[in-house]
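Trainee: Below are the sequence and a predicted model; questions follow.
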Amino acid sequence: MTLMNNKPSTNPQAEEQTTMTTSSQFTWTFEELFTDCNVNKKAIQLIADIKSILVTEELRTQFMMRINYDPSALEVFDLVHRMREEQLLFNPMSDESFLDMYLLNPLQALKEYFKHSVVLVHLERIREWNIDIRELVKLKQNDSTIHLNRAMQILYFK
């Protein structure tokens, strides 16, 4: 005689597969993220920062899992910039990759290297102020979370 267990039998592999499938179904486009987080369409800089920092579905999902329900603009700003710092510390673009990419696409290279929204005015100022890109790299080596604007100001007023 065998005793019957009232618990439903579950296969650990099936459980793992279900968990993996369920968690990967939650993805957000930028528009959905802005709507869910009540980001005002006039918050141009915040929108630009979100688009330059949360570049993958994985990062957007991570952001949405970490943000409070019905967040304030300040909470959105704080978490976006905390995640920027985490990316710069734990998953930085190498200096060599940046320098190579800068030759091909300076705007994109600066955006990926500094994890910051970058516009053509940044490139114009770099040229006008005679900023050496290798000097920017040195500053970033000393402070991995420095913002591009701050680094440019330091080099301009040197």
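Mentor: Yep, that arrived.

Trainee: can you pull the pLDDT of the most centrally placed residue in the chain?
Mentor: Closest to where the C-alpha atoms of the chain average out (Cα atoms, centre = their mean) is Ile53, at 2.4 Å. On pLDDT, Ile53 comes in at 93.

Trainee: Contact partners for Leu99?
Mentor: Ile133, Arg134, Val137 (Cβ atoms under 8 Å, 6 or more residues apart in numbering). Placement of C-beta: from N, CA and C, glycine included.

Trainee: Including pLDDT and secondary structure, could these go into CSV?
Mentor: What follows is these, written out as CSV (pLDDT from 0 to 100; DSSP: H, G, I helix; E, B strand; the rest coil):
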residue, pLDDT, secondary structure
Ile133, 96, helix
Arg134, 96, helix
Val137, 97, helix
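
Trainee: and which of the residues you listed is nearest to Ser94?
Mentor: Distances from Ser94 to the contacts of Leu99, taken as Cβ to Cβ, are shortest for Val137 (10.2 Å).

Trainee: List the contacts of the closest residue to Leu148 other than its chain neighbours.
Mentor: In space, and not counting its chain neighbours, Leu148 is closest to Phe114: 4.4 Å by Cβ to Cβ, 6 or more residues apart in numbering. For Phe114, the contacting residues are Lys140, Ile146, His147, Leu148, Ala151, by Cβ under 8 Å, 6+ apart.

Trainee: which outside residues touch the longest helix seen in the chain?
Mentor: Secondary structure of the chain read by DSSP state H shows that its longest helix is helix 73-90. The contact list for helix 73-90 (Cβ under 8 Å, 6+ apart) reads 37-40, 43, 46, 49-50, 53-54, 59, 62-63, 66-68, 71, 115-116, 144-145.

Trainee: if we go to 10 Å?
Mentor: 33-34, 37-40, 43, 45-46, 49-50, 52-55, 59, 62-64, 66-68, 71-72, 93, 113-116, 140, 143-147 (Cβ atoms under 10 Å, 6 or more residues apart in numbering).

Trainee: Next SSE downstream of it?
Mentor: helix 95-104 (DSSP states H and E).

Trainee: Any regions of this protein where pLDDT drops low?
Mentor: Residue ranges of the chain with pLDDT under 70: 1-25.
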